[in-house]
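Engineer: Below are the sequence and a predicted model for it; my questions follow.
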Amino acid sequence: MTTVLICARPDLESDLSHTLFWRDDLERYVAERADEAKMLALATEPHVVVIERDLPGAEDLLVALRRQALPHAVSIVALSYVVEGAADDRLDAVLALPPGPEWDDRLDSVLEMPTRKQERFDVHFDVETQLRQGRPIAHKGLVLNMSAGGILIECTGLNLYPGDDVALNLPIPGSGAPPVEGRARVVRQPVEERLGLRFEAFAGNGDARVREFLASLAAQHRG
């Protein structure tokens, strides 16, 4: 599941609550002060951090976020009433305040940024997917690459499309343990018979097992 940390004043939170940052499939934390957000970032390991640019301490928070070693890529989004001149190499996006209808398309892209930025490894193993609502039919696909945020699979005849929620049965190669169970969302279809899935949640210690597997791949890659 994508975790979002929002650092903004209380009067702005009511406006943000009507945007995609308040989607049910996001794990969300809100801080009113920059120093509180620093501590929350370490505790919650967010994928997306949203900072009100005019908030006292925002610059220190931005510096701290870029220095902190989190276990995955982090996208930083600034909210500003003055967008002109607000571009910054440390920021992944700047959204104009107050929130408006034009935010929806931007937010879809913002929320997918961490998955695109995460280190991705070429792998080859089977995965079983099943549409969570609708057809109770399990299908097998071949995982082609994997990151902490999701997988790219090759499959035939799944009839899955961007936006579909699927149940996953993900065997971790070489572990000898039962497959990791979880759920994912189809986020893209780069070419026919290939689907990009974004991990949404895992059962039990599934998230830790996926991270351990990716850490072992990273160690092999560095070696």
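Structural biologist: Structure's in. What do you need? It should be emphasised that the depicted structure is a prediction, and the values quoted were computed from it without experimental measurement.
Engineer: Measure how buried residue 17 is and give me the count.
Structural biologist: By the other CB atoms under 10 Å criterion, the neighbourhood of residue 17 contains 12 residues. C-betas here are computed from N, CA, C, even on glycine.
Engineer: just residue 83 next, same as before
Structural biologist: Residue 83, neighbours per other CB under 10 Å, totals 14.
Engineer: How about it: what's its closest non-neighbour residue?
Structural biologist: Here the nearest residue to residue 83 in space, its sequence neighbours aside, is residue 96; by CB to CB, 6 or more residues apart in numbering that works out to 4.6 Å.
Engineer: OK, contacts around that neighbour?
Structural biologist: 80-81, 83 (CB atoms under 8 Å, 6 or more residues apart in numbering).
Engineer: Now, these that are in strands?
Structural biologist: Judged by DSSP state E, the contacts of residue 96 include residue 80 as members of strands.
Engineer: Specify which member of the contacts of residue 96 is nearest to residue 177.
Structural biologist: If you rank these by distance to residue 177 using CB to CB, residue 80 comes first, at 47.0 Å.
Engineer: ranges for the helices of this structure?
Structural biologist: 10-16, 34-44, 58-67, 103-117, 206-222 (DSSP state H).
Engineer: Mean pLDDT per helix and strand in this protein: which one sits at the bottom?
Structural biologist: Lowest mean confidence among the helices and strands of the chain (mean pLDDT, DSSP states H and E): helix 103-117, at a mean of 76.
Engineer: circling back to that earlier point, can you tell me how far the residue nearest to residue 83 is from residue 53?
Structural biologist: Distance from residue 96 to residue 53, counting by CB to CB, to the nearest Å: 11 Å.
Engineer: Mutual contacts of those two, please.
Structural biologist: Common neighbours of residue 96 and residue 53 (CB under 8 Å, 6+ apart) are residue 80.
Engineer: looking only at pLDDT, what's the mean for the strand of greatest length in the chain?
Structural biologist: Using DSSP E to assign secondary structure, the strand with the most residues in the chain is strand 121-131. Averaged across strand 121-131, the pLDDT comes to 83.
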